[in-house]
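1. no sequence for this one, just the structure:
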């Protein structure tokens, strides 16, 4: 028996959606059709933030409680309005990656069971040089969103001193993502070093609340500045992307005034964000209007190198990098001494 199928209008195209009544978020009863309709409603700001760049698709064949897998390259049979770009990865290998340029392509991705969209920090026109400096304020055990919110204004001050303007979004979970638009003049490793420099400066000012320690056993009850999210091919849920959490939360751009007022990140969901956009518009509408440069942060990076602070560890799947310390947990390293 053939599965149920409907047709949705997505921009200038008609897109077929199979199993529209399949429930994706069981706790709320949100279906595949409702997710597709959400995508159509938020398409303009979604594409402004995530379009025209490589994107990885986090796909769930059943519900968000079930199995998942990531897709990077377009599958066979993808429609001609789903584009691709050749990307180079940290291993040196190259292969094509999906690029979403219009609302129909987003709906197609949902037809392919995508729930979470993970965009690169660079554009398809130049995949090697990011147009965003991204900082993930990641609450560690014993801390939560409120602790990240207390740290974010100090990070904003640090970035302003470096000549950058910071923009906010909720992660869709417990953290906060801070984005700075930048000119695409430096490759990913330089941007990672700029993030480390900003994180170290923030840590100096708030040592009891902030850490750049890569090893979890050293972080304590502090907010971790996850510098490795700035690496090539390391992505985070994009602006207006749903998350695969029970409450169908959305990674949502917010204003600094909202953060100061005590915003509740769980209030931003697949069902509430379209109305929010209709009411207040997109807080990120002008994000790319005046990109900055990372020169000052790279000067800080060099200053710290000269002071004896070296490279920080890379994720385990990355090749060994020049100047990188051993990838061994401190407690295990002590046992081998």
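-> Done, it's in. Values in this document were obtained by computation on a predicted structure and should not be read as measured data. Numbering: from 1, shown residues only.
2. so what pLDDT did residue 2 get?
-> Model confidence at residue 2, given as pLDDT, is 57.
3. correction: the previous question concerned residue 337.
-> For residue 337, the model assigns a pLDDT of 46.
4. residue 20 - how many residues pack around it?
-> Residue 20: 20 surrounding residues under other CB atoms under 10 Å. (Glycine included, C-beta is placed from N, CA and C.)
5. just residue 211 next, same as before
-> With neighbours defined by other CB under 10 Å, the count for residue 211 comes to 21.
6. quick one: contacts for it?
-> 140, 203, 218, 219, 220, 222, 223, 224, 225 (CB atoms under 8 Å, 6 or more residues apart in numbering).
7. please apply the same query to residue 241.
-> 46, 50, 116, 117, 118, 172, 250, 251.
8. so which residues make contact with stretch 10-29?
-> For stretch 10-29, using CB under 8 Å, 6+ apart, the contacting residues are 3-9, 30-33, 35-36, 40, 43, 60, 63-65, 81, 102-104, 106-108, 110-111, 115, 246-248, 270-271.
9. thinking again about what came up before, next step: the contacts of residue 211 restricted to helices.
-> residue 203 (DSSP state H).
10. closest to residue 189 out of the contacts of residue 211?
-> Comparing the contacts of residue 211 against residue 189 with CB to CB places residue 225 closest, at 17.1 Å.
11. quick one: contacts for the closest one?
-> Listed by CB under 8 Å, 6+ apart, the contact set of residue 225 reads 135, 136, 137, 138, 195, 198, 199, 202, 203, 210, 211, 212.
12. mind running it again at 7 Å?
-> Going by CB atoms under 7 Å, 6 or more residues apart in numbering, residue 225 touches 135, 137, 199, 202, 210, 212.
13. could I get these in CSV, plus columns for neighbour count, pLDDT and distance to residue 149?
-> Compiled in CSV, the contacts of residue 225 are given as follows (neighbours: other CB atoms under 10 Å; pLDDT from 0 to 100; distance: CB to CB, whole Å):
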residue, neighbour count, pLDDT, distance to residue 149
135, 25, 98, 14
137, 26, 98, 9
199, 23, 98, 17
202, 26, 98, 14
210, 24, 98, 13
212, 21, 97, 19
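14. can you redo those residues as TSV with secondary structure?
-> As requested, these are exported to TSV (DSSP: H, G, I helix; E, B strand; the rest coil):
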residue	secondary structure
135	strand
137	strand
199	helix
202	helix
210	strand
212	coil
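15. who wins on neighbours among the contacts of residue 211?
-> residue 223 (28 neighbours).
16. ok, it - contacts?
-> 137, 138, 139, 140, 143, 147, 148, 151, 209, 210.
17. filter these to the buried ones?
-> 137, 138, 139, 140, 143, 147, 148, 151, 209, 210 (16 or more other CB atoms under 10 Å).
18. for the residue nearest the centre of the chain, give its distance to residue 258.
-> Per CA atoms, centre = their mean, the C-alpha nearest to the average position across the chain is that of residue 236, at 2.4 Å. As judged by CB to CB, to the nearest Å, residue 236 and residue 258 stand 20 Å apart.
19. equivalent analysis for residue 249, please.
-> In terms of CB to CB, residue 249 sits 16 Å off from residue 258.
20. try residue 222
-> 24 Å.
21. list the buried residues in stretch 148-164.
-> Going by neighbour count (16+ other CB under 10 Å), the buried part of stretch 148-164 is 148, 149, 151, 152, 155, 156, 158, 159, 162, 164.
22. which residues sit against that stretch?
-> 133, 135, 137, 139, 166, 168, 175-176, 178, 180, 198, 201-202, 205-206, 209-210, 223, 259, 292-293, 296-297.
23. how does it look with 6 Å?
-> Stretch 148-164 has contacts (CB atoms under 6 Å, 6 or more residues apart in numbering) with 137, 139, 166, 175-176, 178, 180, 198, 201-202, 206, 209-210, 223, 259, 292, 296-297.
24. also stretch 294-310?
-> Applying CB under 6 Å, 6+ apart, the contact partners of stretch 294-310 are 162, 163, 182, 186, 193, 194, 197, 198, 200, 323.
25. among the residues you listed, which pair sits farthest apart?
-> Taking CB to CB as the measure, those have their most distant pair in 163 and 323, spaced 26.0 Å apart.
26. narrow the contacts of stretch 148-164 to those in strands?
-> Secondary structure from DSSP state E places 137, 139, 176, 178, 180, 210, 223 of these in strands.
27. and which of those is nearest to residue 95?
-> Nearest member of these to residue 95, counting by CB to CB, is residue 180, at 29.0 Å.
28. from residue 8, how far off is that closest one?
-> 36 Å.
29. neighbour count: these two, which is higher?
-> For residue 180 versus residue 8, neighbours defined as other CB under 10 Å are more numerous around residue 180 (26 against 20).
30. who's that one bridged to?
-> With DSSP bridges as the criterion, residue 180 is bridged to residue 133.
31. close enough to count as contact, it and residue 131?
-> No - using CB atoms under 6 Å, residue 180 makes no contact with residue 131, being 10.1 Å away.
32. tell me how far residue 129 lies from residue 121.
-> Relative to residue 121, and taking CB to CB, residue 129 is found at 9 Å.
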